[in-house]
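[1] structure for this input, please:
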Amino acid sequence: MAIQHSNSAVRAPAPPSRPYAKASPGYGKRPAPDQRPPRPDDFALLPERERYVAGYVDRLPDGAAMDIKSLAKSLPLYGQMAVGSALKALAVAGHLRHVRCPADAGGGRIRWITRTYWSRTARDNEWWATFLDGAPAAPAVPQQRTQEPEPAPAPEEAPQDAPPGVPSPAYLALARLGRADARLALSAADCAALEEAAAAWLARGVDAEYLVRALAAGLPAAVESPVGLVRRRLRDKLPPLPPTAAPAPTTGMPGHRPMVECTECGAPGRPEALPDGLCRSCRTPGPSGTDTMATPAPPAERDVAAYVGTLRDLLKLP
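    I've put the predicted structure just below:
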């Protein structure tokens, strides 16, 4: 049951006087339909942090950048980790979904761009699935980098083989992980060992920037084996093959339908496969999660061991 939180907490900030961060053309914030007009108590049931972030996002215009770094720069009370956690909570509460939408790149090619659909009115999973099945396709947009501040070094489509002596886009993406987060620093041998698995991601239509974000999102506090963690994530979070022969949907681009991105790690999937905007791995913490603890011996085993010890002591008596 929802808990009423006090309204005495700090109010959500208005958009900053300096220019807010704008996403690249076609990306960024988009409004969901059929929303009620703004009211002072729109987010009153949310915790303080989520209420603060939601109030700010609600005031942003269409096309504003919705990545964690851009939002954290404009929200002085919270850093990137706190903003990321707040966005995850807002997705679970039904206020937003990160969506990969198809766009015409010209020459018969399809580009995938990431939008954040925002709803002031909280929606359930069924509503989001129905809306996203009929969400309009993105208009044709020029070749642009994503809204992340660093440009992606890899081209939009993964090449088959790099020329001799030139690192492949997959290798370069793996080499960038250490710069994205020091806990994922890989050696040259590690990058070479994982290169083929990373190339499989690029072959499925994602770019290097997306690959780096997906692998570096939601890391545990301590990473004992970066190469092991990256290998597991490359396997477990491999995105689906782009649809090529699906029935013509209502997006206006036959064979291509919007896909929801996990709010936590960015893994794409159909709306019904990501309830609350989260993939299965992020809904159920795995062995690498920070909340995983070593399982102690069952009480019954400890009792038996104590009983056997007592018997041995008795046998030593004269």
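
[2] contacts and neighbour counts: CA atoms only from here.
    Noted.

[3] tell me how many other residues crowd residue 225.
    13 (other CA atoms under 10 Å).

[4] for residue 213, same thing?
    Neighbourhood size, residue 213 [other CA under 10 Å]: 16.

[5] list the buried residues of the host helix or strand of it.
    Secondary structure assignment for residue 213, by DSSP states H and E: helix 208-216. In terms of neighbour count (16 or more other CA atoms under 10 Å), helix 208-216 has its buried residues at 208, 209, 210, 211, 212, 213, 214, 215, 216.

[6] after it, next one along is what?
    Next element after helix 208-216 (DSSP H and E): helix 226-236.

[7] okay but residue 27 is in contact with residue 114, surely?
    Yes: using CA atoms under 8 Å, residue 27 is in contact with residue 114, at 5.6 Å.

[8] nearest to residue 183, of the buried residues of helix 208-216?
    Nearest to residue 183 among those is residue 216, at 8.9 Å by CA to CA.

[9] residues contacting that closest one?
    Each residue near residue 216 by CA atoms under 8 Å, 6 or more residues apart in numbering is listed here: 177, 180, 181, 184, 265.

[10] so among these, which ones count as buried?
    Burial by neighbour count, judged by 16+ other CA under 10 Å, picks out 177, 184, 265 from the contacts of residue 216.

[11] between those, which is nearest residue 128?
    Distances from residue 128 to those, taken as CA to CA, are shortest for residue 265 (19.2 Å).

[12] in a helix, the closest one, correct?
    No: assessed by DSSP: H, G, I helix; E, B strand; the rest coil, residue 265 does not belong to a helix; its assignment is coil.

[13] secondary structure element holding residue 195?
    helix 188-202.

[14] between that helix and helix 226-236, how big is the angle?
    10 degrees (axes from the mean of the first three to the mean of the last three CA atoms, to 10 degrees).

[15] report the angle between helix 188-202 and helix 208-216.
    Using the same axes, to 10 degrees: helix 188-202 against helix 208-216 is 110 degrees.

[16] for helix 188-202, packing partners?
    helix 169-180, helix 208-216, helix 226-236 (3 or more CA pairs under 8 Å, 6 or more residues apart in numbering; DSSP states H and E).

[17] let me know the pLDDT of residue 264.
    For residue 264, the model assigns a pLDDT of 85.

[18] er, residue 102 actually
    77.

[19] give me the beta-bridge partners of it?
    residue 112 (DSSP bridges).

[20] which of the residues in the helix holding residue 195 are classified as buried?
    For helix 188-202, the neighbour count (16+ other CA under 10 Å) marks 190, 191, 192, 194, 195, 197, 198, 199, 200, 201, 202 as buried.

[21] restricting to C-alpha, output that helix in PDB.
    Output of helix 188-202 as PDB, limited to C-alpha atoms (Å, rounded to 0.1, in the frame of the first residue of the first chain):
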ATOM      1  CA  ALA A 188      44.700  -6.200 -23.800                       C
ATOM      2  CA  ALA A 189      44.500 -10.000 -23.400                       C
ATOM      3  CA  ASP A 190      41.100  -9.600 -21.800                       C
ATOM      4  CA  CYS A 191      39.800  -7.500 -24.600                       C
ATOM      5  CA  ALA A 192      41.000  -9.900 -27.200                       C
ATOM      6  CA  ALA A 193      39.400 -12.800 -25.300                       C
ATOM      7  CA  LEU A 194      36.000 -11.100 -25.200                       C
ATOM      8  CA  GLU A 195      36.200  -9.400 -28.600                       C
ATOM      9  CA  GLU A 196      34.000 -12.000 -30.400                       C
ATOM     10  CA  ALA A 197      31.300 -11.900 -27.700                       C
ATOM     11  CA  ALA A 198      31.200  -8.100 -27.900                       C
ATOM     12  CA  ALA A 199      31.100  -8.200 -31.700                       C
ATOM     13  CA  ALA A 200      27.900 -10.300 -31.500                       C
ATOM     14  CA  TRP A 201      26.300  -7.300 -29.800                       C
ATOM     15  CA  LEU A 202      27.300  -4.900 -32.500                       C
END
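
[22] fine by me, we can end here.
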